[in-house]
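Novice: got a predicted structure here, sequence first:
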Amino acid sequence: MEDFRPTKYKLRCVATGRVFEDDGLVLEDRQCNTPSLIRTEYEVKCIDIRSDDSGIYKFCDWLPVRRTLKGSAAPVTYKSEGLAAHLGLDNLYITFSGYFPEKGAEMTTCSFKETEAYSVCGRFDESAGRILVVASAGNTARAFAKVCSENNIPLLLSVPEDNLDALWFEEPLNDCVKLIAAQKGGDYFDAIHLSNVALKSGRFIAEGGAKNVARRDGMATTVLSAAAFIGRIPDYYFQAVGSGTGAIAAWEAAMRLEADGRFGPNRMKLMVSQNAPFVPMYDAWRADSRHMLPYDDHRARRDAGIIDAKVLSNRRPPYGLAGGLYDALKESGGDFFVSTNAALRRASKLFEQTEGIDIHHAAAVAVDSLIQAVKQGKVGREDVVMLNVTGGGERRYKAGRQMWYLKPSIVFPLTASETDIIGRTEALFVQ
């Protein structure tokens with residue numbers, strides 16, 4: 001990207017309001033004693049969205065990046081005709097992250113997790129000599145693997161063995177990307193546990209998930225795309241959630257857009273959804289509880305194994321901390337929905353019939369929640385609605401292509417010792 005200069009910004013602790021500098025690795029305010037997210041405060045208050053082919057970095061005014069990386073693509077927003085007509089909505093806008101060349105969407109991992117990876121890796125300071133660690137249920141790992149492989153950034157991925165079919169690529173990856181897995185029967189929580197143990201070694205550093213401002217601001221480009229296309233902040237924002245990070249990011253983007261002054265007031269309601277029976281955040285929200293309710297390990301693993309949308313199976317989401325999903329839902333006046341496997345399959349089929357492209361299971365959960373909201377009268381015909389299709393076009397992209405799958409260097413049993421995990425993961429990166 002020509003004429004790029006590192007973005008100027010500072011960090012603010014949501015709980016205390018303290019403002020401080022970023023070093024490219026900060027995940028929290030170490031002076032804060034309350035569980036809290038931090039947020040970026042950009043020097044540029046009125047975003048200049050580039051019209052060139054700079055991919056995700058067209059939004060670089062509001063991305064906390066010190067460099068740009070090759071190969072990125074941006075979310076694409078368009079006004080729906082087919083699904084809108086079916087639902088009786090005059091102002092339904094679809095923000096599509098995936099592979100949909102007819103609409104200009106060119107994300108080759110077919111997921112909006114690319115927005116996170118290009119932003120996080122653009123912020124990451126490699127000069128510290130640490131190896132980035134990412135735990136994932138599948139799509140995030142695929143996105144980070146692509147970006148790190150193409151840009152020669154050392155990366156350790158941790159994924160449940162049951163989800164390895166999500167790690168497909170058109171060609172073999174650079175050897176700088178290593179994969180470990182939690183044995184069959186484990187879930188996303190077990191992959192997170194593996195990564196947390198590995199992080200006890202000084203050689204690794206956490207990507208940070210929702211705590212990483214670059215991850216959230218990368219995901220926030222979906223709302224920036226929609227607002228730029230529509231000309232205003234939407235009235236409703238629909239997305240399925242596993243951690244809730246994307247919805248938190250959407251709310252933060254809406255607040256920045258309101259402060260910009262050119263996109264109208266922020267009345268955007270977050271309309272989020274989970275895939276039953278794995279619905280821990282939904283249960284907490286319905287109980288009006290800031291804290292997650294008890295969720296037995298055995299039951300959680302069972303429920304995570306049942307749902308179609310495996311990427312939504314996060315047992316430790318950033319729900320109740322300051323600036324988390326609970327706060328975002330409260331502040332936006334939002335709502336929570338549940339979609340069954342049968343319902344999301346119907347929604348997926350409807351979307352393909354009306355919009356002409358296949359979508360991921362998580363995106364189908366969001367479509368089903370929109371269908372529910374319309375039927376329940378929670379969304380009106382003239383309301384401006386943004387539907388965040390977080391992944392799609394995978395079947396289209398794979399057609400006629402031979403896929404290569406990343407295999408784990410190590411599959412750890414769920415009972416593996418910390419010494420074994422640390423020693424064997426460190427050895428993966430010995431030259």
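Specialist: Happy to help now that I have it. Residues are numbered from 1 along each chain as shown.
Novice: what strand or helix carries the closest residue to Asn174 other than its chain neighbours?
Specialist: Once flanking residues are discounted, Asn174 sits nearest to Ser149: 4.1 Å by C-beta to C-beta, 6 or more residues apart in numbering. From N, CA and C alone the C-beta is placed, and that goes for glycine too. Ser149 is part of helix 139-151 when elements are defined by DSSP states H and E.
Novice: show me what that helix is packed up against.
Specialist: helix 113-123, strand 131-135, strand 155-160, strand 168-169, strand 177-182 (3 or more C-beta pairs under 8 Å, 6 or more residues apart in numbering; DSSP states H and E).
Novice: rerun at 6 Å
Specialist: helix 113-123, strand 155-160, strand 177-182 (3 or more C-beta pairs under 6 Å, 6 or more residues apart in numbering; DSSP states H and E).
Novice: same question for that helix, mean pLDDT?
Specialist: Mean per-residue pLDDT for helix 139-151: 94.
Novice: cool, stretch 416-430 as well?
Specialist: Mean predicted confidence for stretch 416-430 is 95.
Novice: low-scoring stretches of the protein, by residue?
Specialist: In the predicted model of the chain, residues 1-2, 127, 431 satisfy pLDDT under 70.
Novice: got CSV for the helices and strands packed on helix 139-151, with mean neighbour count and distance to Ala145 too?
Specialist: Formatted as CSV, the helices and strands packed on helix 139-151 follow (neighbours: other C-beta atoms under 10 Å; distance: least, C-beta to C-beta, whole Å):
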stretch, mean neighbour count, distance to Ala145
helix 113-123, 29, 9
strand 155-160, 28, 6
strand 177-182, 23, 5
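Novice: what's the closest of the ones you listed to Glu258?
Specialist: Evaluated with C-beta to C-beta, the helices and strands packed on helix 139-151 place helix 113-123 nearest to Glu258, the distance being 21.1 Å.
Novice: between strand 131-135 and that closest one, find me the angle.
Specialist: Interaxial angle, helix 113-123 versus strand 131-135 (axes from the mean of the first three to the mean of the last three C-alpha atoms, to 10 degrees): 160 degrees.
Novice: what's the angle from helix 113-123 to strand 155-160?
Specialist: Using the same axes, to 10 degrees, helix 113-123 lies at 150 degrees relative to strand 155-160.
Novice: show me how far helix 113-123 is from its chain's centre.
Specialist: Chain-centre distance of helix 113-123: 10 Å, with C-alpha atoms, centre = their mean, to the nearest Å.
Novice: could you do stretch 31-38 as well?
Specialist: 22 Å.
Novice: buried ones in it?
Specialist: Neighbour-count burial for stretch 31-38 flags Cys32, Ser36, Leu37, Ile38 (criterion: 16 or more other C-beta atoms under 10 Å).
Novice: among the residues you listed, which two are most distant?
Specialist: Cys32 and Leu37, at 10.1 Å, using C-beta to C-beta across the buried residues of stretch 31-38.
Novice: and stretch 201-217, C-alpha only, in PDB?
Specialist: Only the C-alpha atoms of stretch 201-217 are listed here, as PDB (Å, rounded to 0.1, in the frame of the first residue of the first chain):
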ATOM      1  CA  SER A 201       7.000 -20.400  27.900                       C
ATOM      2  CA  GLY A 202       8.800 -17.100  27.300                       C
ATOM      3  CA  ARG A 203       9.100 -17.900  23.600                       C
ATOM      4  CA  PHE A 204       5.400 -17.400  22.900                       C
ATOM      5  CA  ILE A 205       3.000 -14.400  23.200                       C
ATOM      6  CA  ALA A 206      -0.800 -14.500  23.100                       C
ATOM      7  CA  GLU A 207      -2.700 -13.000  20.200                       C
ATOM      8  CA  GLY A 208      -5.200 -12.200  22.900                       C
ATOM      9  CA  GLY A 209      -8.600 -12.800  21.300                       C
ATOM     10  CA  ALA A 210     -11.200 -10.200  22.300                       C
ATOM     11  CA  LYS A 211      -8.700  -8.400  24.400                       C
ATOM     12  CA  ASN A 212      -6.600  -7.500  21.300                       C
ATOM     13  CA  VAL A 213      -7.800  -4.100  20.000                       C
ATOM     14  CA  ALA A 214      -6.500  -5.000  16.600                       C
ATOM     15  CA  ARG A 215      -8.800  -8.100  16.400                       C
ATOM     16  CA  ARG A 216     -11.900  -6.100  17.300                       C
ATOM     17  CA  ASP A 217     -11.100  -3.100  15.100                       C
END
